[in-house]
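Asks: Next one to model:
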Amino acid sequence: MYFKSKKISLVILGITALLISRAMFAFIDDPEGPNLLVVTVVALVIYFPALMVYKFNFPITRLKRLSLAIFVQILIVTGLYFLVMFV
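Replies: Take a look at the predicted model:
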């Protein structure tokens, strides 16, 4: 899959950050559900490190950089989840 625009990759990273953030709070047992502001802030915390990984000039294709950035997002969410649940 080849993206003609770099903005599409950034939008994909943003949407992925929101979805992963929402999924993280879905696993936490809260009767009221996740707060929209908290989900958005955590999505920003997830998005910016992944953006730095995506923007770093690796000698790989854009699709592989996008996959690496999404993997970084998953690692960050996993760490945050364990931090919230066990600390």
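Asks: Can you check the distance spanned by stretch 49-62, start to finish?
Replies: Criterion Cα to Cα, to the nearest Å; first-to-last residue distance in stretch 49-62 is 17 Å.
Asks: List the buried residues of that stretch.
Replies: Residues of stretch 49-62 classed as buried: 50-51, 53-54 (neighbour count, 16 or more other Cβ atoms under 10 Å). All C-beta spots, glycine's among them, are computed from the backbone N, C-alpha and C.
Asks: Can you add distance to Ala23 and give those residues back as a markdown table?
Replies: Listed next are these as a markdown table, based on distance: Cβ to Cβ, whole Å:
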| residue | distance to Ala23 |
| --- | --- |
| Ala50 | 15 |
| Leu51 | 19 |
| Val53 | 20 |
| Tyr54 | 20 |
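Asks: Report the contact partners of the residue nearest the centre of the chain.
Replies: Centroid check for the chain by Cα atoms, centre = their mean gives Ala17 as the closest residue, at 3.1 Å. With contact taken as Cβ atoms under 8 Å, 6 or more residues apart in numbering, Ala17 is in contact with 43-44, 46-47, 50, 73.
Asks: Tell me the pLDDT of it.
Replies: pLDDT recorded at Ala17 is 96.
Asks: can I get the buried residues of stretch 49-62 in TSV with distance to Asp30 and pLDDT?
Replies: Shown next, in TSV, are these (distance: Cβ to Cβ, whole Å; pLDDT from 0 to 100):
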residue	distance to Asp30	pLDDT
Ala50	25	94
Leu51	28	93
Val53	30	92
Tyr54	31	91
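Asks: with these in mind, which one is nearest to Val87?
Replies: In terms of Cβ to Cβ, no member of those lies closer to Val87 than Ala50, at 23.0 Å.
Asks: ok, now how distant is the closest one from Asn57?
Replies: Ala50 sits 16 Å away from Asn57, going by Cβ to Cβ, to the nearest Å.
Asks: Appreciated, that's everything.
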